[in-house]
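A.B. asks: For reference, the sequence and a predicted model appear below.
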Amino acid sequence: MERVTDPAPLPDPAAALRPRLPSPLQEVTEEPFARRGVRLLLKRDDLIHSALPGNKWRKLEPNLRAASAAGERTLLTFGGAWSNHLRATAAAGRLLGFATIGVVRGDELAGAPLNDSLARCAADGMRLHFLDRARYRRKTDPDVLAALHDRFGAFRLIPEGGSNSLAAQGCAELGRELRGVADTAAVACGTGGTLAGL
């Protein structure tokens, strides 16, 4: 009888990718703000990691660590045709040894040439699966998830945009980095994970 060995453990994301944390603050001088005594600082989360910039690192890192700890080697997530989240997940998979599946909104895209964003996902090894828009809206329904499991087997589900409780925990670090530096923070908001953590 042939002995089956466990696959090599996946690396710790922070140790393997060496993110630049805390991300730097950059002061922006704008006359309308300066006239009113307002100091404008940009939190340069885009410099955390070249392949997983900004909130993508903060939201994905705890999910990647949890998947690694659980021995899960495949990540499945959702996004639109220009999703930065899909691109970051595909890059993380390539860099850390995870298989990745991107469920893309819009089955009409399946036969079309890939745009730059989806082409980058594919180049990073992500398997793309196009879902019609009606089913995509129901992506969290048990029947839709069961069909995805039937098609792809076992996977760790990371929600659209990477936003879940683990992501909020990762984004909470952003608030700690800003404590005592800023009175007010403005954040671009898509799925809300960064805002929830902040």
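C.D. replies: Great, that's in hand.
A.B. asks: Surely A88 is in contact with A51?
C.D. replies: Yes. Counting by Cβ atoms under 8 Å, A51 is a contact partner of A88 at 7.1 Å. The C-beta positions use only the backbone N, C-alpha and C, and glycine is treated the same way.
A.B. asks: more crowded one of these two?
C.D. replies: Set side by side, A88 and A51 show more neighbours around A88, with 25 against 16, by other Cβ atoms under 10 Å.
A.B. asks: quick one: contacts for that one?
C.D. replies: A51, L52, P53, K56, W57, L60, G162 (Cβ atoms under 8 Å, 6 or more residues apart in numbering).
A.B. asks: Make CSV out of the residues you listed and add secondary structure, pLDDT and distance to Q169.
C.D. replies: CSV is the format used below for those (DSSP: H, G, I helix; E, B strand; the rest coil; pLDDT from 0 to 100; distance: Cβ to Cβ, whole Å):
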residue, secondary structure, pLDDT, distance to Q169
A51, coil, 92, 21
L52, coil, 90, 16
P53, coil, 84, 19
K56, helix, 92, 15
W57, helix, 94, 13
L60, helix, 95, 12
G162, helix, 90, 12
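A.B. asks: quick one: which of those residues has the most company?
C.D. replies: In terms of neighbours by other Cβ under 10 Å, these top out with G162 at 32 neighbours.
A.B. asks: The closest residue to it other than its chain neighbours: which element?
C.D. replies: Nearest residue to G162, sequence neighbours excluded (Cβ to Cβ, 6 or more residues apart in numbering): K59, at 3.9 Å. Assigned by DSSP states H and E, K59 belongs to helix 55-69.
A.B. asks: Can you spell out which helices and strands pack onto that helix?
C.D. replies: Other elements packing on helix 55-69 under the criterion 3 or more Cβ pairs under 8 Å, 6 or more residues apart in numbering; DSSP states H and E are helix 13-17, strand 74-79, helix 84-96, strand 156-158, helix 165-178, helix 193-197.
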